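# below are the sequence and a predicted model; questions follow.
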Amino acid sequence: MMPGSYITEEDRRAATTVTTSGSGHKFEIQLGHLCNNRCVFCSSGQLTAMKIARAVPLEPIVEALEAARAAGAWHLTFLGGEPTTHKRFLDALGKAVELGFQHIVIFTNGVMFPHPGFIDSVLALGRFEWRVSIQGATDEAHVATTGRPESFRRILHGLGELQRHGQLVTANMCVNERSYRSLPEYPALLRRYGVRQLHVDIVRPESTGERDQEYLREIMPRYSDMAPYYDEMLARFDEWNPDFDVNVGNLPYCILPKWGSRIHHGGQETVTKSADAVGLEDAMNKYEWHGSLRTYLPGCDECVFRPRCTGIFRVYLQLHGEDEFRPISREALVALDPERRNFVVLVEPRLGPLRAALGADESPPGWRTEREISEDRRRRVEIVFAHRDGARAHFVLLAPGRGRAPVITCDAYDVDVEVDPGVPTDAFAELLSWFHGRLAAGSDGTPAPALAPHAIEQAVHGPMLLRSRQRVTLLAKRVEAHFALPGWRVEPLRWPTEASAVLPVRGSAEACVEVRFTIGARGKRSTVGVEFRAADPTGDGGVKAVMEALVEILRERPGLPASPELRA
């Protein structure tokens, strides 16, 4: 059968009704398919052009919002089509605010941004997340995708206004033949307007509307052709801000294995129901449906990414064949990824005995596993244990060299540990020994993980000392920013020991004032002590003025201890 896509009965129903999706505390509401754009990858514009999509009334929107809130949802997303063009959008948004949704996302293509009073009318209702559909990082790419000449300029206008109002803005893009060459321009664009997150997805053939084989081939480039542009975009994000939240949706991992930590397949389990005058239809899990449209190749089982990969679109394989796809071995990934961006994937074999013990609830007496969190972007695996008295111990595995003050180290990971004040020392010592032992059992012929010489003391006091160190660094930056006496200069902060720092302020003729910090821990709190050491060869009183200025600057810092020790 030749590949293509078509408008289903579900598409037609969704084009004229309110469609809702919900999972846990999250809820999405789609206000039909009416849309002003004609994006090449989306069925909404085609349904609108075919006059199938129609405006939906306000009543079922309100009913769906009330039902979701009553069920405990607090995170809400308005979708379309284009939701902001609905004539009662502000009424629906106001109702959502009235019902008490705590986080509301407006997913928009920006068509209403330049309309006088629109942004102000929305902001008058509350603070929202604006998820802006930026379908190309340049005017040329965006317009080629949306089919609307002014669409990119409208978005830039809106981004500027939202930035001026201090709004939370995220972005979304569906990469296609007309836009993928602009991918490397996204970091500069988003940085300019303070956008906080970017999700780049690939074309889903079955969501494009009524399309034939030639059309799909035209808008769906080969993944390997797009890979260099993805790579450059992600490298630029990494250079600007390694922690920027950029993720690539549903691209097969083997196409861009080096950046596997930025690729995500599927999503939260979401149940979709259609609401109309008759009532609720049978539920459908949309991610199960998406998964049913994909398949695996014979070698996929050998790939290190197989547990998290949902496969390749069958239609794509019919259009472009299989030759791009090769399984990635763990050894190959290590060679491709010396920075250990894929730390969560690479470390997993070393955690086998630990995972087995946690699964069997074999923690030491008095402890239980509270939660496990794997974060690809931050390259970390966190395991939290709760003691029977309510205190907690946080074990964080990070890529080698990324630990702040690692208690356990080896060639595969660092382990930072933070313990709540009040945990009995002997109980924590038993937990640490148990955790270290499970990790050692996963060494598999490699050097066993090493325990730091003063591991228990480091875990108990290390986090507090780190907080003290951070406070000292902030104080030094404040002095550098605000000290301005002619003839005097602030030199860089230095740490002669782990527990002491010196910030020199020098004048002429060897005149100098040293701000000396000592850090420590007292009970459940971190401490910072401050004193001055002065050298005044000229005796002209300049040192006294410097000290007075420094005291004033330091005391403006709210986090400074109430009565620091200040003496010459």
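Perfect, thanks for sending it.
# so where's the stretch 401-550 of the chain shaky on pLDDT?
Applying pLDDT under 70 to the predicted model, the residue ranges of the stretch 401-550 of the chain that meet it are 461-465, 521-524, 540-541.
# try 90 this time
403-405, 418-425, 443-446, 453-471, 481-482, 484-487, 495-500, 507-511, 518-529, 535-545 (pLDDT under 90).
# for it, what spans make up the strands?
Along the stretch 401-550 of the chain, the segments classed as strands by DSSP state E, counting those that start in this stretch run 408-409, 414-419, 450-451, 489-490, 494-497, 500-506, 512-522, 525-535.
# deepest in the core, which of these is it.
Of these, the one with the most neighbours on average (mean count of other Cβ atoms under 10 Å) is strand 414-419, at a mean of 23. (C-beta placed from N, C-alpha, C; glycine too.)
# which strands or helices does it pack on?
Taking 3 or more Cβ pairs under 8 Å, 6 or more residues apart in numbering; DSSP states H and E as contact, the helices and strands that strand 414-419 lies on are strand 392-398, strand 408-409, helix 425-441, helix 455-482.
# now those in CSV, with distance to residue 151?
As requested, those are arranged in CSV below (distance: least, Cβ to Cβ, whole Å):
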stretch, distance to residue 151
strand 392-398, 42
strand 408-409, 52
helix 425-441, 53
helix 455-482, 42
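# of the ones you listed, which is nearest residue 203?
Using Cβ to Cβ as the measure, strand 392-398 is the one of the helices and strands packed on strand 414-419 that comes nearest residue 203, at 35.4 Å.
# dump that closest one to PDB, keeping only the CA atoms.
Taking only C-alpha atoms (Å, rounded to 0.1, in the frame of the first residue of the first chain), the coordinates of strand 392-398 have been written out as PDB:
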ATOM      1  CA  ARG A 392      15.700  12.000  54.400                       C
ATOM      2  CA  ALA A 393      18.900  11.100  52.700                       C
ATOM      3  CA  HIS A 394      19.400  12.200  49.000                       C
ATOM      4  CA  PHE A 395      21.900  10.200  46.900                       C
ATOM      5  CA  VAL A 396      22.600  11.900  43.500                       C
ATOM      6  CA  LEU A 397      24.600  10.000  40.900                       C
ATOM      7  CA  LEU A 398      26.200  12.300  38.300                       C
END
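# each with direction, which strands does it pair with?
Partner strands and pairing direction for strand 392-398 (DSSP bridges) are strand 380-387 (antiparallel), strand 414-419 (antiparallel).
# and of the strands of the stretch 401-550 of the chain, who's closest to residue 91?
Distances from residue 91 to each of the strands of the stretch 401-550 of the chain were compared by Cβ to Cβ, and the smallest falls on strand 414-419, at 47.6 Å.
# how far off helix 425-441 does the closest one point, in degrees?
Computed with axes from the mean of the first three to the mean of the last three Cα atoms, to 10 degrees, the direction of strand 414-419 lies at 160 degrees from that of helix 425-441.
# and the helices and strands packed on strand 414-419, which is most packed in?
The densest packing among these, expressed as mean neighbour count by mean count of other Cβ under 10 Å, is seen in strand 392-398 with a mean of 21.
# nearest to residue 309, out of the helices and strands packed on strand 414-419?
For residue 309, the closest of the helices and strands packed on strand 414-419 is strand 392-398, at 22.8 Å, according to Cβ to Cβ.
# quick revisit: can you redo the strands paired with strand 392-398 as TSV with distance to residue 350?
Formatted as TSV, the entries for the strands paired with strand 392-398 read as follows, by distance: least, Cβ to Cβ, whole Å:
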stretch	distance to residue 350
strand 380-387	11
strand 414-419	11
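# and of those strands, who's closest to residue 85?
Once Cβ to Cβ is applied to these, the stretch that comes out nearest is strand 380-387, at 41.9 Å.
# closest one to residue 303 among the strands of the stretch 401-550 of the chain?
In terms of Cβ to Cβ, the element of those nearest to residue 303 is strand 414-419, at 26.9 Å.
# now the closest one: how far from the chain's centre is it?
Here strand 414-419 shows a centroid-to-chain-centroid distance of 22 Å under the convention Cα atoms, centre = their mean, to the nearest Å.
# next, the angle helix 455-482 makes with that strand.
Strand 414-419 and helix 455-482 meet at an angle of 90 degrees, taking the same axes, to 10 degrees as the criterion.
# re earlier: for residue 313, find the nearest of the strands of the stretch 401-550 of the chain.
Checking these against residue 313 by Cβ to Cβ gives strand 414-419 as the closest, at 38.7 Å.
# spatially central residue for the protein, please.
Using Cα atoms, centre = their mean, the residue of the chain that lies closest to the mean C-alpha position is residue 245, 3.9 Å off.
# what bridges to that residue?
Applying DSSP bridges to residue 245 yields these beta-bridge partners: residue 197.
# from residue 370, how far off is it?
Using Cβ to Cβ, to the nearest Å, one obtains 25 Å as the distance from residue 245 to residue 370.
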